[in-house]
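S.K.: Provided below for reference: sequence and predicted model.
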Amino acid sequence: MRLPIRGLFILGLASGLASFASAQEGHPAKGSWIGEWKGNSAGESVLMVMNWDGQNITGIINPGTDNLQISDAQLNPADWTIHIAAGDYVIDGAFARLELPNRSIVGTWKRGNDGGDFEIVRQ
Amino acid sequence: MKAACFSLSRLAFGIGALLLGATAAQAHHPIQAKFDPAQQQTLNGIVTMVDWRNPHAHVFMNVTNGNETLNWAVELESPVILKDSGWSSDTLRPGDAIQVSGIVARDGTRQIWGNDVTMTAINRQVYNVNNPAPSRPLAPRPTPRWPDGSVALGTTDGGDGFWSFPSAIVLQEDGANVSFDSDAILSEISDASKVAPMQPWALALFTHRQERHLQDDPMYLNCKAPGGPRQYQSDLGFQLLEDKENGRIFVLMGSGNHNYRIIFLDGRTTTGSVSGDDDNPLYYGRSIGHWEGDTLVVETKGFNEDFWFSNGGLPHTDLLSMEERFTRPDADTLQYNVTINDPGAYTRPWSASWTMQWVGGKDMPPFFCQNNRQ
């Protein structure tokens, strides 16, 4: 019971904050992202921070653990999908509402035999 | 977008919301974002109301077809532009019979962009816009100069005047010669890659913005001022106000909310100071200038990413730096050249150039975007 409530809280927080998302008209991946991380034993919320240095997407993810450095992130602008590797995590998602400051990324994550769906919203 | 036009929607609600459907009016925007040029229509009817306010004036009209009478909203240019062309809020009055030709809304609601409005009783065309550039003198007038001999970028006698009528309204690399329409929308979307040397993500985003007819432009959605080189491609013009004593040039913008940007010529650098102006990225960046002969050279960096820096929707990042060069070869011409260096969005530095024309004897049009929110 605790996890769904916490998950709902995080989602509510993310949704609330999303309405205050600051404008970010540059690289679509850049920014702070918060959202739902389904099927994770450490908690069903995730924080992700991504930056763009002109050649690479860098940053961290925190799926309820310590921060994990993004070791590889590849954006495919042909279909606006993104592949991210951080620690043991492998994340694949697609951008939605690309044109809005509170755009989102929806997809799946895997870590060994664990995995699930996720949705993060840019703050 | 809805917030930006709340007052207009509220005003129109009483007579038109139920009839027209639940579409909120948009802020001043590229026309094609809302109306489809492929859907031309002509309406005959009776004026029921004139809504004379920024960003766009509206005329509401009843159109009868058989036994059915429907209310249409005719959207027109801004009152500022219409007034410049000699029109006023009572040019049309409720009860007047009119014929409207234009393009209808993409979403199927009863809204039409009025390309032509005619009072049928007297066959008089009204609300047409006639705002040509001032005619140039037969021989170029000499460049005005200050007593010390330096070039003046505005007036030297305190008179009115501003720069407008840019020779190009879209930022694109010199020599690209890509065709855009008057709303800064590509004539051929396949030409997107020719506009500037974009990285793949930037090209995809630029194409996405163009395919959405620029409807997400924060300048129109949120009444933001034009940033970067876009300041010099506005149809509402700008002024360059020189404060020679303090080593500053103020760029006063005719669009947005008449905001201003400062170019410092007092020897400071483009880095911030710990006393408050730190190195946070800024909307206008940090601009420093110096004169090379008769050319003002301005270097700017430290931009944030809160805006589109071109009318056509080219992306930029906070890695953007610009070198701008201003020359005034004669009294009525301002030559502008900008070199864009943004390794976050482009594959190499690139340059663009255009000219602006002096509009003497008058001030910039009194357009204030926040009127949308009143």
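M.R.: Structure's in. What do you need?
S.K.: residues in contact with B:Gly254?
M.R.: Going by CB atoms under 8 Å, 6 or more residues apart in numbering or on different chains, B:Gly254 touches B:162, B:164, B:234, B:236-239, B:364-365, B:367. Where C-beta positions appear, they are placed from N, C-alpha and C, glycine not excepted.
S.K.: could you report the pLDDT at it?
M.R.: As predicted, B:Gly254 sits at a pLDDT of 85.
S.K.: cool, A:Gly16 as well?
M.R.: For A:Gly16, pLDDT reads 46.
S.K.: hang on, the earlier thing: of all the contacts of B:Gly254, which comes closest to B:Arg110?
M.R.: Nearest to B:Arg110 among the contacts of B:Gly254, counting by CB to CB, is B:Phe367 at 27.6 Å.
S.K.: closest to A:Asn113 out of the contacts of B:Gly254?
M.R.: Nearest member of the contacts of B:Gly254 to A:Asn113, counting by CB to CB, is B:Ser234, at 57.9 Å.
S.K.: how many neighbours does that closest one have?
M.R.: For B:Ser234, the neighbour count with other CB atoms under 10 Å in any protein chain shown is 22.
S.K.: the one 3 residues further on too?
M.R.: By the other CB under 10 Å criterion, the neighbourhood of B:Gly237 contains 26 residues.
S.K.: how about low-confidence regions in the chain?
M.R.: Went with chain A since none was named. A:1-21 (pLDDT under 70).
S.K.: my bad, the chain I had in mind was chain B
M.R.: B:1-29, B:370-374.
S.K.: from the stretch 151-300 of chain B, which residue is nearest to chain A?
M.R.: For the stretch 151-300 of chain B, the residue closest to chain A is B:Ala204, as judged by CB to the nearest CB, at 3.4 Å.
S.K.: which helix or strand contains that residue?
M.R.: helix B:200-211 (DSSP states H and E).
S.K.: which of the residues in stretch B:36-55 are buried?
M.R.: By 16 or more other CB atoms under 10 Å in any protein chain shown, the buried positions in stretch B:36-55 come out as B:36, B:43, B:45-55.
S.K.: before we move on, what about stretch A:69-79?
M.R.: Those buried within stretch A:69-79 under the rule 16+ other CB under 10 Å are A:70, A:73, A:75, A:77.
S.K.: ditto for stretch B:360-367
M.R.: Result for stretch B:360-367 [16+ other CB under 10 Å]: buried residues B:364-365, B:367.
S.K.: from these, which is closest to B:Ala345?
M.R.: Out of these, the member with the shortest distance to B:Ala345 (by CB to CB) is B:Phe367, at 29.7 Å.
S.K.: where do the strands sit along chain A?
M.R.: Secondary structure of chain A by DSSP state E: the strands cover A:31-37, A:45-52, A:57-62, A:68-76, A:81-86, A:89-96, A:104-111, A:114-122.
S.K.: would CSV of those with distance to B:Arg268 be doable?
M.R.: What follows is the strands of chain A, written out as CSV (distance: least, CB to CB, whole Å):
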stretch, distance to B:Arg268
strand A:31-37, 31
strand A:45-52, 28
strand A:57-62, 32
strand A:68-76, 37
strand A:81-86, 41
strand A:89-96, 40
strand A:104-111, 41
strand A:114-122, 35
